[in-house]
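[1] sharing a model that was predicted from the sequence below.
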Amino acid sequence: MELGKVVELLGGTVVVSKKDGAFDITAVCTTDMMSDVLRFARRGELLVTSLNQPQVIRTAEIADIPVVVVVLGKKIGKEMIEMAEKMSITLLSTSLPMFTVCGMLYAKGLKSCVNGR
């Protein structure tokens, strides 16, 4: 799924746009435990989380995740935004809850990062 379609589907806001913003998202990693991201996520996936701290961006960079979606309309602070810009990670925000976001993305054909389910 193209990034623009993800933003539109989730009624999201692009907080930081990666410079070469053309992504084809095929899988989603959804968690608030960054250790799970490091264990299960694969390169190029979308990370959905309710965490709004800079360590999310650090973890996404290590796991080579190009897009992070922060749910529940949580305020994204300056440090997280600056880090996403520096590491060229696209950062999105949506007011939807995590469960709804996952259901919507799954209904559009995106798979889970865990065993490609």
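    That came in fine, so what should we check first? As the structure is a computational prediction, the values presented were derived from the model and not from experiment.
[2] okay, now the unreliable bits of this protein?
    19-22, 115-117 (pLDDT under 70).
[3] contacts only, for the residue nearest the centre of the chain.
    The centroid of the chain falls nearest to Val68 when counting by C-alpha atoms, centre = their mean (2.3 Å). Val68 sits next to 46-47, 49, 56-57, 60, 84, 89-92 when contact means C-beta atoms under 8 Å, 6 or more residues apart in numbering. Yep, even glycine has a C-beta here, placed from its N, CA and C like the rest.
[4] the same query, at a cut-off of 7 Å, please.
    47, 49, 56-57, 60, 89, 91-92 (C-beta atoms under 7 Å, 6 or more residues apart in numbering).
[5] how far does stretch 75-90 sit from the chain's center?
    Between the centre of stretch 75-90 and the centre of its host chain there is 12 Å, according to C-alpha atoms, centre = their mean, to the nearest Å.
[6] how about the helices in this protein?
    3-10, 34-40, 54-63, 78-86, 98-107 (DSSP state H).
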